[in-house]
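S.K.: Here's my sequence, what's the structure:
(one chain, ligands or ions: 2)
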Amino acid sequence: MGSQQHVRDIKSGSPLPYTDDIRAYRKEYAEALDAQDPLRNFRDEFIIPSKKDLRRKTLAVDESNEASDEKSIYFCGNSLGVQPRSTQKYIEQYLRTWATKGVTGHFVPHDDQLLPPFVDVDSAASKLMASVVGAAQSEVAVMGTLTANLHLLMASFYRPTKEKYKIILEGKAFPSDHYAVESQLRHHNFDPKDGMVLIEPRDLDQPTLSTDQIIKVIDDNASSTALVLLSAIQFYTGQYFDIERITAHAHSKDILIGWDCAHAAGNVDLQLHDWNVDFAAWCNYKYLNSGPGGIAGLFVHERHGSVDEKQPESDDTFRPRLSGWWGGDIKTRFNMENKFLPQPGAAGFQLSNPSVLDINAVVASLEIFNRATMKEVRQKSLNITGYLEHLLMKYPLDAAPEDKPFTLITPSNPAERGAQLSLRLQPGLLDNVLHCLEEKGVVIDERKPDVVRVAPAPLYNTYTEVWEFCQIFLQACKEAVKAR
Ligand SMILES: Cc1ncc(COP(=O)(O)O)c(C=O)c1O
Ligand SMILES: Nc1ccccc1C(=O)C[C@H](N)C(=O)O
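M.R.: Ligands and ions are numbered 1, 2, ... in the order given. A predicted model of the protein is given here:
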């Protein structure tokens, strides 16, 4: 099959039919894929660090050169997404509103403002967030930070009894999640050694977890488990778990389940509502490009968020929670009567008035996402990450095994991964490979001692970058093997 046929197949949204046709390994093929990419114009919405800027010891950005400077190959949106061009405009607008309106900026709408008055920016953000994670607006709040939100949600959803008190999580969960669970158990006077049930990979060389294994751990601990907390996409392996099936299974055992969507939000087309997830939390600084440590997001399924207006605490479906004034009824919030009536839905979990500065950055990015659908973003992601895998594993056609001193630890089934591929290098190669990549202006990240994570972000990365990355990476591997 010729390269034009491949391109047509990609355009029609069908799975990319890779072949060993020599033409498909040429740069022109990657360029043709870019030319046909329906999302190609989104790249212009982002500032990709240039190679020159990355090398510079100072921050000076010479804007006149920005367009002409050669861009880095930035495949690190799984750790920190790049800056949308519009972020600066939103933040300047916020600074101007604060400077010129002072406290009146809280309440008075002004015609030229990009966002509503300060007190309403949280709902402007949740409105844009809802479709990105597959939720109703009322199920989403843009607030806090990921780990703090996990604690808040566990305060609501982890209600242990003497019999049912365990929390199931991955053995290799991101450390912050591990610490959050450990400290929740201690907070309730349980011993984490007994109360934390860790799902460990069976094979350390291929450290993914099968759905059957997860389900078996749930079954084995069903009578003593209060909560399951898993990551939607595993930060290390890039594995995308079967959220719908695992959630349904936990529910069938009368266990609540929450999902850490840090590596999934803005990456895959989550359907948190339809999958009946109890709660979820994520940060917005990875695939959602809202800046380091920026304001985060959480989801509470609508069945947990209802409020009886008169007697919220006696409503059966009311979730007990740690509260603050911003979660309270908007109409009475400023009455200072100390009668807490939570807002329905996820907004009722808010504590403080949010940082408007931070929310501006989230909104700037979400507005870009809302110009596409997550289905389209995911389709490009499947194609571009599939192309990356294909080139890494098959190119060049005459490659000897020693030319490929790495294995893929991310599942090769596209349905079981997002944008990221994690590659395990043979021992002793990592530092030299990283050095070569840095020299060539490639930004990826490493997990010591031997794993690199490579994540093309569908809204700003190109097929041509994938092609270039593979040339550089494979050459870097060759040189590292020689130097070993
Ligand atoms: C899965 C996961 N959980 C937790 C964190 C920590 O998040 P934060 O520092 O924003 O609380 C991260 C990223 O840093 C992460 O990837
Ligand atoms: N927030 C950070 C601050 C400093 C360095 C890394 C991070 C990350 O987010 C790491 C990310 N969670 C990861 O999966 O590697």
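
S.K.: Which residues lie in contact with residue 75 in this structure?
M.R.: Each residue near residue 75 by Cβ atoms under 8 Å, 6 or more residues apart in numbering is listed here: 442, 443, 444, 454, 455, 456, 457, 461, 465, 469. Glycine gets a C-beta too; all of them are placed from N, C-alpha and C.

S.K.: So stretch 233-247, near ligand 2 or not?
M.R.: Yes: shown here: stretch 233-247 in contact with ligand 2 (Cβ under 6 Å from any ligand atom) through residue 235.

S.K.: Assign residue 267 to one of the three secondary structure states.
M.R.: coil (DSSP: H, G, I helix; E, B strand; the rest coil).

S.K.: Just to check, it is in contact with residue 289?
M.R.: No: Residue 267 is beyond contact range of residue 289, at 11.5 Å (criterion: Cβ atoms under 8 Å).

S.K.: ok, the two, which is more surrounded?
M.R.: residue 267 (31 against 28; other Cβ atoms under 10 Å).

S.K.: contacting residues for the more buried one?
M.R.: Listed by Cβ under 8 Å, 6+ apart, the contact set of residue 267 reads 78, 233, 286, 287, 381, 418, 419, 420.

S.K.: what do you get if the cut-off is 7 Å, keeping everything else the same?
M.R.: 233, 287, 381, 418, 419 (Cβ atoms under 7 Å, 6 or more residues apart in numbering).

S.K.: And for the residue nearest to the first one when sequence neighbours are not counted, the neighbour number?
M.R.: The shortest distance from residue 233 to any non-neighbouring residue, by Cβ to Cβ, 6 or more residues apart in numbering, is to residue 263 (3.8 Å). In terms of burial, residue 263 registers 29 neighbours under the definition other Cβ under 10 Å.

S.K.: Show the pLDDT at residue 263.
M.R.: As predicted, residue 263 sits at a pLDDT of 98.

S.K.: does it count as helix, strand or coil?
M.R.: Assignment for residue 263 (three-state DSSP): coil.

S.K.: Spatially, and excluding backbone neighbours, which residue is closest to residue 418.
M.R.: residue 267 (4.2 Å).

S.K.: same check, this time on residue 138
M.R.: residue 345 (3.5 Å).

S.K.: The one you found contacts residue 140, correct?
M.R.: No: taking contacts as Cβ atoms under 7 Å, residue 345 lies outside contact range of residue 140: 8.2 Å.

S.K.: of those two, who's got more company?
M.R.: A side-by-side neighbour count of residue 345 and residue 140, using other Cβ under 10 Å, places residue 140 first with 28 against 23.

S.K.: Check the gap between the more buried one and residue 374 for me.
M.R.: Distance, residue 140 to residue 374, by Cβ to Cβ, to the nearest Å: 14 Å.

S.K.: Tell me the confidence at the residue nearest to residue 418?
M.R.: 98.

S.K.: and if you look at the one 5 residues further on?
M.R.: Note for residue 272: predicted pLDDT of 98.

S.K.: Show me which residues of the stretch 1-150 of the chain sit near ligand 2.
M.R.: Going by Cβ under 6 Å from any ligand atom, the residues of the stretch 1-150 of the chain near ligand 2 are residue 79.

S.K.: Mind telling me which residue of the stretch 251-400 of the chain is nearest ligand 1?
M.R.: With Cβ to the nearest ligand atom as the measure, residue 262 is the residue of the stretch 251-400 of the chain nearest to ligand 1, at 3.8 Å.

S.K.: Each with direction, which strands does the helix or strand harbouring residue 228 pair with?
M.R.: Assigned by DSSP states H and E, residue 228 belongs to strand 225-231. Here strand 225-231 has these sheet partners by DSSP bridges: strand 166-170 (parallel), strand 256-260 (parallel).

S.K.: contacts for the last one?
M.R.: Contacts of strand 256-260 with the rest of the structure, by Cβ under 7 Å, 6+ apart, involve 150, 153, 157, 177, 227-232, 243, 247, 250, 277-281.

S.K.: what is the mean pLDDT for that strand?
M.R.: 98.

S.K.: Would that strand count as contacting ligand 1?
M.R.: Yes: Strand 256-260 lies within reach of ligand 1 by Cβ under 6 Å from any ligand atom, at residue 260.

S.K.: Might one say that residue 306 is in contact with residue 345?
M.R.: No: Residue 306 lies out of contact with residue 345 (Cβ under 7 Å); the separation is 8.1 Å.

S.K.: Phi first, then psi, for the residue nearest to residue 418.
M.R.: Per-residue torsions, residue 267: phi -110, psi -50 (degrees, to the nearest 10).

S.K.: Need the phi and psi values for residue 349.
M.R.: phi -100, psi 0.

S.K.: what's the burial count for it?
M.R.: With other Cβ under 10 Å as criterion, residue 349 counts 29.

S.K.: Looks like it contacts residue 321 (just checking).
M.R.: Yes: Residue 349 is within contact range of residue 321, at 6.0 Å (criterion: Cβ under 7 Å).

S.K.: Can you report phi and psi for residue 350?
M.R.: phi -70, psi 150.

S.K.: quick one: contacts for it?
M.R.: 122, 141, 143, 324, 326, 327.

S.K.: can you do 6 Å?
M.R.: Listed by Cβ atoms under 6 Å, 6 or more residues apart in numbering, the contact set of residue 350 reads 141, 143, 326, 327.

S.K.: Please determine how far whichever residue of the stretch 101-250 of the chain sits closest to ligand 2 is located from residue 186.
M.R.: Minimum separation of the stretch 101-250 of the chain from ligand 2 (Cβ to the nearest ligand atom) falls at residue 235, amounting to 3.6 Å. Separation of residue 235 from residue 186 (Cβ to Cβ): 24 Å.
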